[in-house]
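Peer 1: Quick one, what's the 3D model for this:
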Amino acid sequence: MTNIKATNITWHEGHVNRQEREKLLDQKGALIWMTGLSGSGKSTIAYTLEHALVQRGHLCYVLDGDNIRHGLNKNLGFSAEDRTENIRRIGEVGKLFVDAGLITITAFISPYRADRAIAGQTVGEDSYFEVFCDAPLAVCEERDPKGLYKKARAGEIKGFTGIDDPYEAPEKPELVIDTSKMSPQEATIALVEMLEKAGKISALGE
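Peer 2: Sure thing, here's the model as predicted:
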């Protein structure tokens, strides 16, 4: 699905560049890629961070795994091939949002390192922040907010990450959040500090 099938197409440059959009928004575009097992707290932290940043006057948007599968990626399942395409598309959308100057937060299991690496390359190293929501499988399974682990254990769901499909943890993430010990609010503080340190947003009072 990565081959260009359209012919006779030409890239058209606009008259407004990324730097001008970022100046308008008083922030720099960034993609915070939150990865982790189902039930590790990705979506909860993503939306908590979005709310906190908007309260500080920053334009943000969350790309949530389940929500995206209701629209853009509704034609994809959970095979290894479909997971790869799912993440590829989100990398491309993330690239557009970052170019628009938005702080974009994704919440995807994204179990394969190679897929996440491609997303990072697509967006650009200086704008891509891989964040590992690290919670033990036992904790995620105990939470089981959607009842998916129970179904996977019963054999009702095949190829479920962490049960009968692998999860490849990040090797060098920008930030590790142990969601078995940190609250969403504490995680949000750490993420905001990460963005400030990277120069994507200004610290309060500056």
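Peer 1: burial count for residue 80?
Peer 2: 13 (other C-beta atoms under 10 Å). Using the backbone N, CA and C atoms, a C-beta is placed for each residue, glycine as well.
Peer 1: In contact with it, which residues?
Peer 2: Neighbouring residues of residue 80 by C-beta atoms under 8 Å, 6 or more residues apart in numbering: residue 112.
Peer 1: Also residue 179?
Peer 2: Contacts of residue 179 by C-beta under 8 Å, 6+ apart are 36, 40-41, 45, 133-135, 139, 187.
Peer 1: Just name the shakiest helix or strand of the protein by mean pLDDT.
Peer 2: helix 65-68 (a mean of 89; mean pLDDT, DSSP states H and E).
Peer 1: Between the contacts of residue 179, which sits nearest residue 145?
Peer 2: residue 41 (9.6 Å; C-beta to C-beta).
Peer 1: before we move on, back to that, closest to residue 7 out of the contacts of residue 179?
Peer 2: Proximity of the contacts of residue 179 to residue 7 (C-beta to C-beta) peaks at residue 36, which lies at 40.7 Å.
Peer 1: mind checking how far the closest one is from residue 134?
Peer 2: 6 Å (C-beta to C-beta, to the nearest Å).
Peer 1: Same check on residue 89?
Peer 2: Taken as C-beta to C-beta, the span from residue 89 to residue 134 is 25 Å.
Peer 1: low-scoring stretches of the protein, by residue?
Peer 2: Low-confidence segments of the chain, defined by pLDDT under 70, are located at 1-4, 205-206.
Peer 1: now the strands for it?
Peer 2: Counting by DSSP state E, the chain has strands at residues 30-35, 60-64, 103-107, 128-134, 175-178.
Peer 1: now those strands in JSON lines, with distance to residue 118 and mean neighbour count?
Peer 2: Below are the strands of the chain laid out as JSON lines (distance: least, C-beta to C-beta, whole Å; neighbours: other C-beta atoms under 10 Å):
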{"stretch": "strand 30-35", "distance to residue 118": "11", "mean neighbour count": "28"}
{"stretch": "strand 60-64", "distance to residue 118": "16", "mean neighbour count": "18"}
{"stretch": "strand 103-107", "distance to residue 118": "14", "mean neighbour count": "27"}
{"stretch": "strand 128-134", "distance to residue 118": "11", "mean neighbour count": "23"}
{"stretch": "strand 175-178", "distance to residue 118": "20", "mean neighbour count": "18"}
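Peer 1: Now tabulate these in CSV and tack on distance to residue 72.
Peer 2: Formatted as CSV, the strands of the chain follow (distance: least, C-beta to C-beta, whole Å):
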stretch, distance to residue 72
strand 30-35, 16
strand 60-64, 9
strand 103-107, 12
strand 128-134, 20
strand 175-178, 26
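Peer 1: Quick check: which of those strands is nearest to residue 201?
Peer 2: So among the strands of the chain, strand 103-107 is nearest, using C-beta to C-beta, at 7.3 Å.
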